[in-house]
Structure formats: C-alpha cells, structure tokens
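Student: What follows is a predicted structure for the sequence shown.
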There are 2 protein chains.
Amino acid sequence: MVAKWVKNALGRMVPTEINGQDSIPFMGVGKFKPQKRKYNCKIPSNADYPLDGNKKVKDLKEALQKSGLANGMRISTHHHFRDGDLLANKVFDIAHEMGIKDLIWFPSASFPCHAHLIPYLEDGTIARIEGSMNGPLGKYCSEGKMKGVAILRSHGGRYQAVQDGEVHIDISIIGASSADCFGNANGLNGDSASGLLGFALVDSQFADKVIVATDNMLTFPCVPWQIQGNFVDFTVEMESIGIPEKIVSGTTQITKSPDRLLIAELTARLCEEVGIIKEGFSFQAGAGGTSLAIGEFFRKIMKEKGIKARFARGGSNKYLVKMLEEGLIEYILDGQTFDLEGVRSMRENPNHVWTSPFTSYNYHSKGNFAGMVDVAILGATEVDVNFNANVVTHSDGYLLHGIGGWQNCLFSKTVILPIPLFRNRIPVVRKEVTTICGPGELIDVIVTERGIAINPLRKDLLRKLKGSSLPIKSIQALKKEAEAICGVMDELVLSDEIVAAIKWVDGTIIDVVRKVV
Amino acid sequence: MVAKWVKNALGRMVPTEINGQDSIPFMGVGKFKPQKRKYNCKIPSNADYPLDGNKKVKDLKEALQKSGLANGMRISTHHHFRDGDLLANKVFDIAHEMGIKDLIWFPSASFPCHAHLIPYLEDGTIARIEGSMNGPLGKYCSEGKMKGVAILRSHGGRYQAVQDGEVHIDISIIGASSADCFGNANGLNGDSASGLLGFALVDSQFADKVIVATDNMLTFPCVPWQIQGNFVDFTVEMESIGIPEKIVSGTTQITKSPDRLLIAELTARLCEEVGIIKEGFSFQAGAGGTSLAIGEFFRKIMKEKGIKARFARGGSNKYLVKMLEEGLIEYILDGQTFDLEGVRSMRENPNHVWTSPFTSYNYHSKGNFAGMVDVAILGATEVDVNFNANVVTHSDGYLLHGIGGWQNCLFSKTVILPIPLFRNRIPVVRKEVTTICGPGELIDVIVTERGIAINPLRKDLLRKLKGSSLPIKSIQALKKEAEAICGVMDELVLSDEIVAAIKWVDGTIIDVVRKVV
C-alpha cells in the first residue's frame, strides 16, 4: 500500500503516498513553497438555478439524490453541532439506505455521537474518514479497523487542503440554525444555534454540490449570511439537525485541582513578568478548566493594572464574554462558541466577531490572524525534550483527539503549553512524543506544576526571566523529575501499519499514527 | 484589428475578437453555458508575508514597485469614492513618473474627476480603459481617441469576468476609509467613508497583488472586514484618498418636474394595481429624482395600507433609510450608499446590510439576489419597440454613462423603466436603440408621462390591468406619439470603427459602440 518511506525534517518516517495520492514529507516550518494554483471549481450559471432563488427540495434524501450521490464520493460536514450533531449521521443513514458504498467522510471534526457511523465503516458504506476524530471513531481507527488511512488536519490545514485542490469535495452538507430558501445561512439564531459556521466556509466555496439543511427556514434574506447562498445548490428544511443542549454543552468549569490552579497561576505570572500582559495585547486560550483559570488570573492582573486587551481569540465562553462586556477586551475574534453566553454575545455585540479558518488560520494565504496574537495558551498530551508536542494520541498510541486549531495557533508570538508533568503516573514530558503534531521550534514555554521550561531559542524570554522567582528549569530537568516520580516508561510497541497521517499546516506530512497492537 | 463580424441573437453585428482576445456573441438570455473553470490564483504561503501581519510599506509608490508594476499590466481600482476619488489618479501619476507604458485600467467605474487621466491616455501610460465611463472619458473614447477598445461590464459582469479568468488583474489598489496594517478594510468609518467596498471584492480575491490604501489606519483588527486582509499584499497609509464631500455627494432631490412626478405616480399606481406592493414584497429603485419620487409614492401606499416590505435593494439614500427606520422596510440590502445617512445607517443598523456584486449580481454563480426582487425600477436613455433598452449612449452616439447594476437588475421579477417619452425633443421610445444594453424580453413595463406600455410577453400583467384607468398603450403607439411631437429623427451615422464593446452579464457581447464621426 505504501510506496516509499522517507525521513521528514523532524526525523519521523513518513510515506510518500497515502490512499493512492502523493504526499510530501514535512520540510520544516515555512520551507515548503507551493508551486501550484488554487482549486478552480466549474463555472456555474444562474441559468441552471431557479430564477426566484428558491432552491428548497423536499427532504435531505432528495437533495443528496439531486446532488448525484454515488459510490466513492467525498462527503463533507462540519462540527459546529459538536456532540449534538444529528445531520452527519442522517446523511450516511440515507447513503446506506440507497446502497451507496466507499464514501469518504470529510468532516471538520467528529465526536462521540458519530460512533453511530461505525456500522457503516464495517459494511463499506464509508471507506474512510479524513478529519479529526474525538473518542470512539479514533479508537476504531487506532485498532486498524478502517479500510483507508485517516488524514488529520488542523482547522487551517483543512481550508488549505480544499483551497489547494488536495481534497476535492463532491457534496457538502451544511447544517445551519437559520437559513433561507436561497441558501444564505448562519448559526446565530434558532434552536440549533452554535454561533457561527466558519468550519463549513471552505466546503461552501469549493464543493461541487452544496446542501444547506436547517430546522429554522426564514424568508429571504437570512441575515447575516455566514454561508452565502450564491454557493449553495439545494436547501432542505428538517425537523431537527442537532440536539441543542449538546451543541452548546455549557461552560466547562474553572479547575478546582490545586495542581492545575498552580499551573494556571504560574502561566499568568510568567505572562505578567515577561511583559506580555500590557495595554493593547492579545491572547488566545482554550475552554478547558486550566485555560479558564488562566483567563481569570489574566482578568485579575488586567483589572489591577488597568490594562485592556485589544482582542482575544475565541473559542468563546461566558468568562471571555464577561471580559468583553466589562471592557477588558475590545474585540473577541471568535472561531467557535462554547456556550450560550458566547452565542448570545456574538449575536448581539458587533465587537464579538465571527471569523473563519480562512481569516484565522489558512497558511496558504497572504498571512493569517494567528501570527498577530501575542500569546497562545494551548494543551498537549505529550511534549518531548525538543519541545515537539503531541495533541492527538495518548502515550498508549490511541488516537483519541482532534487537532483543532492547535497547529495554527503555534504561529502566535509566544506559545505556552500549561500541562501537568504527568497524568495517571505517565510522564507528559518525555524523550520522544508518540506523535509529533507541532515542531518544537514554535513552542516557547512549558508550564508544569513542578517547574517552567523555556525553549532555548527564546533568548529574549530567558533574559527577561533572569532573577525571576518563577521556577524556571530546563526541559531535561522536568523530564527527569517526571521519571523520578513515574519511573522510565517502556518503549511503546506499535504495528508497522499506519492508520492515520497528521498533516502540517502546509499540507506536508509531519507524522503518522500506527496501529495499536 | 477585428477578425470577423457576426450577428448576435439580438441582430447586432459584433466582432469575434476584441483587443486580441476571443469574444462570444450574445446568444440569448440564459443560453450561453460556460464550459470552463473559475480562475485559479497562484497559491500563496504565509511564509512569504510578515509573521506579525504588518504589511505596511512607506508609500503608494513603494507598494506599486513591490507589486512589480510593469508595462502592459492591468491595474484595477474601485469607484466607491465616485467623483471624489483621488487614488486612481495618484496611481497613474506614479506610473507616469516611473515611465511605465501601456497599462490597462480596469476600474469598476470612472467619473468626471478621472479626466485627469486623459494625458496618460495620450502619452501611452494607459493603453485603454476596461470599465464604465461617466462623462469626459466616455466622450474621449467615443471620439476614437483611445488606443484600444473599451469594454463595459455591469457590476455583476465585472465580478463574472474576473472570477471566470476573462480578465486577469495584475495589481489592484483598494482605497478604504478604514484599514489595519494587515489589510482588513471597510468603508464604514473614517473621513472617506463610502459605506462599503463591495466593488473591490473580486479584485481582492483574484488579483495577483493587492494594495490597500487608507487615510485611517487602525490597530488590528479593523472590524468589520469588508475586504479581508488575508488577500492583501501591502498596506499604505496616505494623507488623503478621496474628497469626502464628493464621495457622498448628498442626496439627489425628489423631482419637482410635473412630468417626472406624473411618471413616478403612474409607476407607483401600476405597482399597486398589479399587486406588487403587498405584505413582504421587495423593490429596487435608483437614487435619481424620479426614482426617489416613486419611493415616496410607495411609502404613502404602504403607510395607508399598513404594508411592510421584506427588503429593499440599495443604492441607499436618506429616504430609504427613513423607511427602514420607520419600520416600512425590514432590511436594506445595499450595494452602495449615496449619502451620509446611508453610511450612518449601514454603520449602525444591522438590518442595513452591505452586499457585493457577488451576492447580488454575479450571473456565474449558483443564483444571485436580483431574481428575488419583486420589482426593479430602472432608467434608460432609449427604448425600442421590442423593449430593448440602452443606458450607455445618447442618441447622438456618445458613450457617456456606465452600466452599473442595470443589466443585473433586469432579472428581477418585474422590471419597470419610468422614462420621459422624449428628452430635448429627441424621442426616447424609438424603432431601434443606438446601443442595446438589455434585451427586451427582460423589460416588462415602460412608463412615460404620456402612457404606459406593457411587454406583450407579460400576459399576466396585461390581464391584471384589464379595465384599469391607467393609460395603457402599445409601445408602437408611444413611439408614434413621440414622433408626432419630435418628428422622425434622421438615422444616426457612425463610423465603422468600434470604440467600445458592451458585455452581457454572462460575458458575451450584446452590442458595440462605434466612433462618433
């Protein structure tokens, strides 16, 4: 199946061909220069669409049939409905009913609710998944049960791949909490509101056929149009497309773990000491318990010092919204809303701005927003002594997490990973990570409950921290501490067979995931 | 110069080659089906742009030099600054200084202020203009003084031509009243506010190099981003890019001419009688004196009957804004704002929505907004007995007006041309128009001060108007009345030489303009 193996710039062995398509090994940050042109869709004509703009068809099945659903096609969906998504499952139920085989599912991410699709992977309705997998599907893939090789891309990488024509989408199905019969759609209003639809933007722009499905069909115009109807072939009204309480599942709570709180405090203190938290600065943090705690520490520092941030990047949540409404942040530039407060704020507040993987993260454009963020605070499952980090696999080799915007955010001015030194007595800081998702040269600081490691490349940070009372250590020292507590782990033995490939933001292969034995 | 002449579907002789490029004769509405693919830009890489997103260069000259300005290039600008534009003139001043020759200027429209460029047409800095010309440049072109053949396109046709790769833009210069150093830009805020920047959208998306120039450079992010910085190569801060009082030149007054008021009243009464003015309807009218009067008649009828429009299309003006604020219109879908009230409303009111030639008018997409408008009320310089109409030339052959969105609006459900029967003793309704800009099959009603003609294709309207007290006449009768008053005009004699081609919305040639002798 695999033509040839080569060592990429990070020393990982990667194949030069995946699923019958040539692939380029990772060449280093900014080293691969695309020589091709963007994907060019067929030119449509208004003459082939209803004059009055009404593209509504009876139901999803009719939309799929009219879109020419056939064996082997690549079908895309988005993940704004998260674990409350009903639509992707419905699409493949219909495909299965119709006896369609060998589909490639190209979601922007998949969730536990999509375990529903495992029987379709078993019976050949779906040949493979190209997209991040959270939970059961990842486990299924890890065990080598999927027919083809999975391909994981960052949010920006997904935009890049479609734009560049690496991935051709036959049919895209876009679920929207509001739409009109022309296909204008948004995620701001209606029962299934998820805030925005940015993950489906590239699909709408480049797929051969585009279907908008909604449980809230409005009279034209549906305003604002996060998805433009001019890209849409068919619209469908459905009773339900998502389970509201699972779409916006409520805010994660701020961590109460003393270790995590310490990590959060150390992270905030470091940002304060090196001068990141200053008038007009910008930041991006996740929506996990530790990240939320860091946000709260930031908030305290900003209030005390009278500092205002120019912008924060979302995933938004009620804490970030509060900072916006208190005037501590001028703008939230948001990629996805994690709770109802985020949705409300985005709907009401013009300074809570919806963005897309194009504006925020696409590496094959004339710049993107990531590089303008002063500090990005991200997670990781593992980090190695060269600061390379993993976000997709656990140390036992199982592929259980998506990449999200993680790789894209590494281009922020300072990247900090606040992580525990070990989890369940397994060291997080290690000699080598199971899967490299991001190159160490882009990762600046590791904050653990037992010390902070600064990437030696960041001499400026090291200089600023001279004489600091913060527990600055070398990454090797952190690794040793972890091993002193947990012992040295046995080397993980995996199959030679690859089950997934991890793309870098430029479409090259940064690493592969092997079958768990 | 011209390879071959053929008769197009409207019986007009048109060349099969213009400026050395193949051209397709108009084949009838909806008949030409594009077989090609959209233009595909080279794939850029973030690696070639500043990591911190700051693309600011010293001045416009440096931006043009870094963009590789060279002989023969196609340079685009937009016309949101209208007769107050300083930027396009400045661009060619610099090109002239640099000794660059044979440029093709591709504006979205040109205005009297651009007479400044005539010396550059004379000295070879500019070879030709591809774009609508209002006033002096049109006269210059009509007299055969331009080196190449001008090409006029509608707003939607301009988007189509660039998207389809018929027109390749080397460098686009986008003036914006607000921008950030990354290139995000809008026309909503700042001294040079023009409301929106939609006419430059396609340029930003498809030009090789994109320059954003502003007199109001903001700290990132400039929100909202009507132009996305991810498409922008260089940004420039300038002292002035437009003359504010000429950008938004103040509202045209409602006509006081008794004849025009009669035309307006007849138009509104007709719309009322045939049931166009009903709950949830939509309309588009211009910003001329007669159109404004029609709007006022609509307003009265709507108020009396308690009718609310779902949306109105702009060009917006203070009258339309008033209707929005009174709740008579739910949404204004706006393509350009004609006065400061329009700008204010668009800035403040989320129901005053900025659109683009892509959403509104592009014929080579999966539908556009034009077909969803119940009634479009448009102007014309001439109409013939087959309802074909002219908007670009006068009856003396001079090319003095742009096409604007006129052709695109012909796809509205009902198209009404309220026009005087004659102007300066020259009949407006005639046997043949000097230049066909729109095919008669799309034009439904001609309203003059001396009678109303309904296109025989609109049997439904004729049926509804049976027994009406409105002065319904045949178009031939209107023509005879005009001739009875003005006499029969001598046939216009023009040169065989063509000076301009008029494109239809699908890129085919609907007519040509000949040199005035």
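Tutor: Everything's here; your move.
Student: ok, now which ones touch A:Pro224?
Tutor: A:Pro224 makes contact with A:Asn186, A:Leu188, B:Pro350, B:Val353 under the criterion Cβ atoms under 8 Å, 6 or more residues apart in numbering or on different chains. For glycine as for every other residue, the C-beta is placed from the backbone atoms N, C-alpha and C.
Student: Also A:Leu218?
Tutor: Counting by Cβ under 8 Å, 6+ apart, the residues that A:Leu218 touches are A:Ser178, A:Ala179, A:Asp180.
Student: Would you map the strands across the stretch 351-500 of chain A?
Tutor: Applying DSSP state E, counting those that start in this stretch to the stretch 351-500 of chain A gives strands spanning A:352-354, A:375-377, A:382-384, A:389-390, A:414-418, A:422-423, A:426-427, A:429-430, A:445-448, A:451-454, A:472-473, A:494-503.
Student: Equivalent analysis for the stretch 51-200 of chain A, please.
Tutor: Counting by DSSP E, counting those that start in this stretch, residue ranges of the strands within the stretch 51-200 of chain A are A:56-57, A:74-77, A:103-107, A:126-129, A:150-152, A:171-176, A:178-180, A:185-186.
Student: Highest mean neighbour count out of the ones you listed?
Tutor: strand A:171-176 (a mean of 30; mean count of other Cβ atoms under 10 Å in any protein chain shown).
Student: Against which helices or strands is that strand packed?
Tutor: On a contact count with 3 or more Cβ pairs under 8 Å, 6 or more residues apart in numbering or on different chains; DSSP states H and E, strand A:171-176 meets helix A:60-66, strand A:74-77, helix A:87-97, strand A:185-186, helix A:201-206, strand A:209-214.
Student: partner strands of it, parallel or antiparallel?
Tutor: Using DSSP bridges, the strands paired with strand A:171-176 are strand A:74-77 (parallel), strand A:209-214 (parallel).
Student: In a markdown table: those, plus mean pLDDT.
Tutor: Output for those, formatted as a markdown table (pLDDT from 0 to 100):
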| stretch | mean pLDDT |
| --- | --- |
| strand A:74-77 | 98 |
| strand A:209-214 | 98 |
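Student: For the helix or strand bottoming out on mean pLDDT in chain A, buried residues please.
Tutor: Counting by mean pLDDT, DSSP states H and E, the weakest-scoring helix or strand in chain A turns out to be helix A:244-247, with a mean of 90. Using 16 or more other Cβ atoms under 10 Å in any protein chain shown as the test for burial, helix A:244-247 gives A:Pro244, A:Lys246, A:Ile247.
Student: do stretch A:10-17 as well
Tutor: Under 16+ other Cβ under 10 Å, the buried positions of stretch A:10-17 are A:Leu10, A:Arg12, A:Val14, A:Pro15.
Student: just the buried residues of helix A:244-247 now: which is nearest A:Ser257?
Tutor: A:Lys246 (25.4 Å; Cβ to Cβ).
Student: isn't that closest one right up against A:Leu86?
Tutor: No - using Cβ atoms under 8 Å as the test, A:Lys246 is too far from A:Leu86 to be in contact (9.5 Å).
Student: what is in contact with the two at once?
Tutor: The contact lists of A:Lys246 and A:Leu86 share A:Cys113, where a contact means Cβ under 8 Å, 6+ apart.
Student: what's the domain layout of chain A?
Tutor: Taking automatic domain parsing as the criterion, chain A consists of the domains A:52-130+A:167-247, A:258-494.
Student: Against B:Met372, how distant is the single nearest residue of the stretch 101-250 of chain A relative to chain B?
Tutor: With distances taken as Cβ to the nearest Cβ, the stretch 101-250 of chain A approaches chain B most closely at A:Asn230, which sits 4.3 Å away. Shown here: A:Asn230 relative to B:Met372, a distance of 12 Å by Cβ to Cβ, to the nearest Å.
Student: Mind putting the strands paired with strand A:171-176 into CSV with distance to A:Ser316?
Tutor: Rendered in CSV, the data for the strands paired with strand A:171-176 read as follows (distance: least, Cβ to Cβ, whole Å):
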stretch, distance to A:Ser316
strand A:74-77, 22
strand A:209-214, 23
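Student: if I look at the one residue sitting closest to the centre of chain A, how far off is chain B?
Tutor: Within chain A, one residue has its C-alpha closest to the average C-alpha position: by Cα atoms, centre = their mean, that is A:Gly404, at 1.3 Å. Relative to chain B, A:Gly404 is positioned 18 Å away (Cβ to the nearest Cβ, to the nearest Å).
Student: Give me the nearest residue to that residue, chain neighbours excluded.
Tutor: Nearest-residue entry for A:Gly404: A:His155, 6.2 Å, with adjacent residues in sequence omitted and distances by Cβ to Cβ, 6 or more residues apart in numbering or on different chains.
Student: do A:Asp191 as well
Tutor: Leaving out its chain neighbours, A:Asp191 is closest to A:Pro244 (Cβ to Cβ, 6+ apart), at 5.4 Å.
Student: which residues touch that neighbour?
Tutor: The contact partners of A:Pro244, taken as Cβ under 8 Å, 6+ apart, are A:Gly84, A:Asp191, A:Ser192, A:Ala193.
Student: show me what contacts the closest residue to the first one other than its chain neighbours?
Tutor: Think A:Gly84. The shortest distance from A:Gly84 to any residue other than its chain neighbours is 2.9 Å, reached at A:Lys246 (Cβ to Cβ, 6+ apart). Contact analysis of A:Lys246 by Cβ under 8 Å, 6+ apart lists A:Phe81, A:Arg82, A:Asp83, A:Gly84, A:Cys113.
Student: circling back to that earlier point, right, and the domains of chain A - which one's nearest B:Lys413?
Tutor: Ranking those by their distance to B:Lys413 (criterion: Cβ to Cβ) puts domain A:52-130+A:167-247 first, at 7.2 Å.
Student: dump the residue contacts of the nearest residue to the residue of the stretch 101-250 of chain A closest to chain B once chain neighbours are set aside.
Tutor: The shortest distance from A:Asn230 to any residue that is not its chain neighbour, by Cβ to Cβ, 6+ apart, is 4.3 Å, and that residue is B:Ser365. By Cβ under 8 Å, 6+ apart, the residues touching B:Ser365 are A:Pro44, A:Asn46, A:Asn230, A:Phe231, B:Phe358.
Student: mind redoing it with 10 Å?
Tutor: With Cβ atoms under 10 Å, 6 or more residues apart in numbering or on different chains as the criterion, the residues that contact B:Ser365 are A:43-46, A:49, A:228-232, B:38, B:156, B:159-160, B:163, B:358-359.
Student: Same question for A:Met146.
Tutor: Residues touching A:Met146, when contacts are defined by Cβ under 10 Å, 6+ apart, comprise A:118, A:121-122, A:126-129, A:133, A:137, A:140, A:499-500, A:515.
Student: Include pLDDT and distance to A:Asp490 when you put those residues into TSV, please.
Tutor: Supplementary listing: the contacts of A:Met146 in TSV, determined by pLDDT from 0 to 100; distance: Cβ to Cβ, whole Å:
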residue	pLDDT	distance to A:Asp490
A:Ile118	97	31
A:Leu121	97	31
A:Glu122	97	33
A:Ile126	98	35
A:Ala127	96	35
A:Arg128	95	31
A:Ile129	96	30
A:Met133	90	26
A:Leu137	96	28
A:Tyr140	96	25
A:Val499	97	21
A:Ala500	97	23
A:Lys515	98	18
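Student: ok so, going back, please work out which of the helices and strands packed on strand A:171-176 is packed deepest.
Tutor: Burial among the helices and strands packed on strand A:171-176, expressed as mean neighbours by mean count of other Cβ under 10 Å, is greatest for strand A:185-186, which shows a mean of 28.
Student: helices and strands around that one, which ones?
Tutor: For strand A:185-186, the contact count by 3 or more Cβ pairs under 10 Å, 6 or more residues apart in numbering or on different chains; DSSP states H and E identifies strand A:171-176, strand A:178-180, strand A:209-214 as packing neighbours.
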